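*Asks:* Predicted model, plus sequence, below.
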Amino acid sequence: MFDPKVVRKDFPIFDRRVHGDKPLIYLDSANTSQKPRRVLDALTDFYEHHNANIHRAVYELAAESTEAYEGARTKVATFLSAPGGSREIVFTKSCTEAINLVAYAWGRANLHEGDEIVISEMEHHSNLIPWQIAAMQSGAKIVALPITDEGFIDMDSLERVITDRTKIVCVAGMGNVLGTINPVKEIADAAHAMGALMLVDGAQRTPHLATNVAELGVDFYAFTGHKMLGPTGSGGLWAKAELLEAMPPFLGGGEMILEVWLDHSTYNEIPHKFEAGTQPFAQSVGLGAAIDYLNDLGMDDVRRHEVEIVGYALKRLGEIEGIQIHGPKDPEKRGGVVSFWLDDVHPHDLATIVDTEGVCVRAGHHCAQVLMKRLGVPATTRASFYVYNTNEDVDALVSAIGIARERFSTGLPF
């Protein structure tokens, strides 16, 4: 397995010192990951030597740009083991946009009064709000797929929740708060048994687990680049080709058309039918470089490292008096995310103090207010880990929490 201390040297940002001369301890990769030199160099090289709009010109520069963009699409298709190849990959600027694409384009054509959309209680708002809008526009109804107190989807409820009225089931591949790795295949099988489709929000899953969309048995899989070492503004949607063929466009404009008259148009073939206007082509090239980097590390080793560091984090954090850790207790059943509540200290206050020690954690509802209500807390503090984090980073977090506890107990200023 790779050595995270060696990997860390590939990330220029970790040369940074903060709050005087403290080392940067970055534990917020579930929010956005840091970028290795290979990705930064790929972006710089593209802008310095190949920058031209894609698909729109015949000169050499434009041909190079188009080749790089479509090459990145091929890399994504291979990374996700897309059975239909690159034509099943639609580039978007984010996982959020990809889910909105499905909710709008597929939902507009297929959801009707009385239909049901099943969504788990642990979903990020990106996999809830688009479906609320689709439900309001179509007359469909949102139905909750409940979770257990341990942070797992309640699989015993599938038969009751997924019925012949269900049209689509929408579930995170990995929870962004609880870290739960969801049994996507089993849920997809239950959905298909009732004639429904299955969408996975893969924003958290894709950076950490080898992903084969065919083996998962899903119909739509959304992902983002910026959480998997790629640039912001990169991401996309995998969907079965026959679904993309049948769906109307999401956005209208240039590039997504074949021929245009004043009162109607014919549309481009997939995936270009869903890529209106100037695409984030440089960012997609950067995403391709990030995939190359992850492939070199090996996704099985990425996962192995994550299990080890999360296991260590659960142990060390669990030693802190007054802490409540949310989500599965077994590191084999969760991703690189640990969310917790400490005594009566609000997470925003705790995150502010640990930041003064150079430790970056996320505090808030993490765009999962339904889950916060289910947990009975207004917010949590979340530490999230990736390929560049070490056990020493966990120790630094525990030490910073101890400093925060002391300041609160003595009334010392922040």
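*Replies:* Looks like it arrived, so ask away.
*Asks:* and residue 113, how many neighbours does it have?
*Replies:* Residues near residue 113, counting by other C-beta atoms under 10 Å, number 8. Where you see a C-beta, it was placed from the backbone N, CA and C, and this is true even at glycine.
*Asks:* ditto for the one 10 residues further on
*Replies:* For residue 123, the count of nearby residues is 25 (other C-beta under 10 Å).
*Asks:* same deal with residue 307?
*Replies:* Neighbours of residue 307 (other C-beta under 10 Å): 17.
*Asks:* May I have the residues that are in contact with it?
*Replies:* Neighbouring residues of residue 307 by C-beta atoms under 8 Å, 6 or more residues apart in numbering: 331, 332.
*Asks:* Tell me which stretches of the stretch 51-200 of the chain form strands.
*Replies:* 89-92, 116-120, 141-145, 166-172, 197-201 (DSSP state E, counting those that start in this stretch).
*Asks:* Run through the neighbouring helices and strands of the shortest one.
*Replies:* With contacts defined as 3 or more C-beta pairs under 8 Å, 6 or more residues apart in numbering; DSSP states H and E, the packing partners of strand 89-92 are helix 60-79, helix 95-101, strand 235-239.
*Asks:* Mean pLDDT and distance to residue 19 added to these, as TSV?
*Replies:* What follows is those, written out as TSV (pLDDT from 0 to 100; distance: least, C-beta to C-beta, whole Å):
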stretch	mean pLDDT	distance to residue 19
helix 60-79	97	37
helix 95-101	98	32
strand 235-239	98	32
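*Asks:* To residue 262, which of the strands of the stretch 51-200 of the chain lies closest?
*Replies:* Among these, strand 89-92 comes nearest to residue 262, with 27.8 Å by C-beta to C-beta.
*Asks:* List of residues touching the closest one?
*Replies:* The contact list for strand 89-92, computed with C-beta under 8 Å, 6+ apart, reads 73, 76-77, 80, 82, 98, 101, 234-239, 244, 270-271, 274-275, 279-280, 284.
*Asks:* average pLDDT for that strand?
*Replies:* Averaged across strand 89-92, pLDDT comes to 98.
*Asks:* just the CA coordinates of it, formatted as PDB?
*Replies:* Coordinates of each C-alpha in strand 89-92 appear next as PDB, following Å, rounded to 0.1, in the frame of the first residue of the first chain:
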ATOM      1  CA  ILE A  89     -20.800   9.900 -19.700                       C
ATOM      2  CA  VAL A  90     -22.300  13.400 -19.600                       C
ATOM      3  CA  PHE A  91     -20.000  16.000 -18.200                       C
ATOM      4  CA  THR A  92     -21.500  18.500 -15.800                       C
END
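*Asks:* Which residue ranges of the stretch 251-400 of the chain form strands?
*Replies:* Using DSSP E, counting those that start in this stretch, strands in the stretch 251-400 of the chain cover 257-260, 265-267, 323-326, 337-342, 359-360, 362-364, 380-384.
*Asks:* For residue 248, which of those strands is the nearest?
*Replies:* In terms of C-beta to C-beta, the element of the strands of the stretch 251-400 of the chain nearest to residue 248 is strand 265-267, at 8.3 Å.
*Asks:* Redo the strands of the stretch 51-200 of the chain as JSON lines? Include mean neighbour count and distance to residue 329.
*Replies:* JSON lines is the format used below for the strands of the stretch 51-200 of the chain (neighbours: other C-beta atoms under 10 Å; distance: least, C-beta to C-beta, whole Å):
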{"stretch": "strand 89-92", "mean neighbour count": "27", "distance to residue 329": "35"}
{"stretch": "strand 116-120", "mean neighbour count": "24", "distance to residue 329": "20"}
{"stretch": "strand 141-145", "mean neighbour count": "17", "distance to residue 329": "22"}
{"stretch": "strand 166-172", "mean neighbour count": "25", "distance to residue 329": "19"}
{"stretch": "strand 197-201", "mean neighbour count": "27", "distance to residue 329": "24"}
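*Asks:* low-scoring pLDDT stretches of this structure, where are they?
*Replies:* Within the chain, the segments meeting pLDDT under 70 span 411-414.
*Asks:* give me phi/psi at the most centrally placed residue in it?
*Replies:* Centroid-nearest residue in the chain, with C-alpha atoms, centre = their mean: residue 203, separated by 1.3 Å. Torsion angles at residue 203 (phi, psi; degrees, to the nearest 10) stand at phi -60, psi -40.
*Asks:* That one is in contact with residue 222, isn't it?
*Replies:* Yes: at 7.1 Å, residue 203 counts as touching residue 222 under the criterion of C-beta atoms under 8 Å.
*Asks:* Find residues that contact each of these two.
*Replies:* residue 95.
*Asks:* Okay, and the beta partners of residue 239?
*Replies:* For residue 239, the beta-bridge partners are residue 220 (DSSP bridges).
*Asks:* Going forward, count from 14.
*Replies:* OK, 14 is where the count begins now, so the last one is residue 252.
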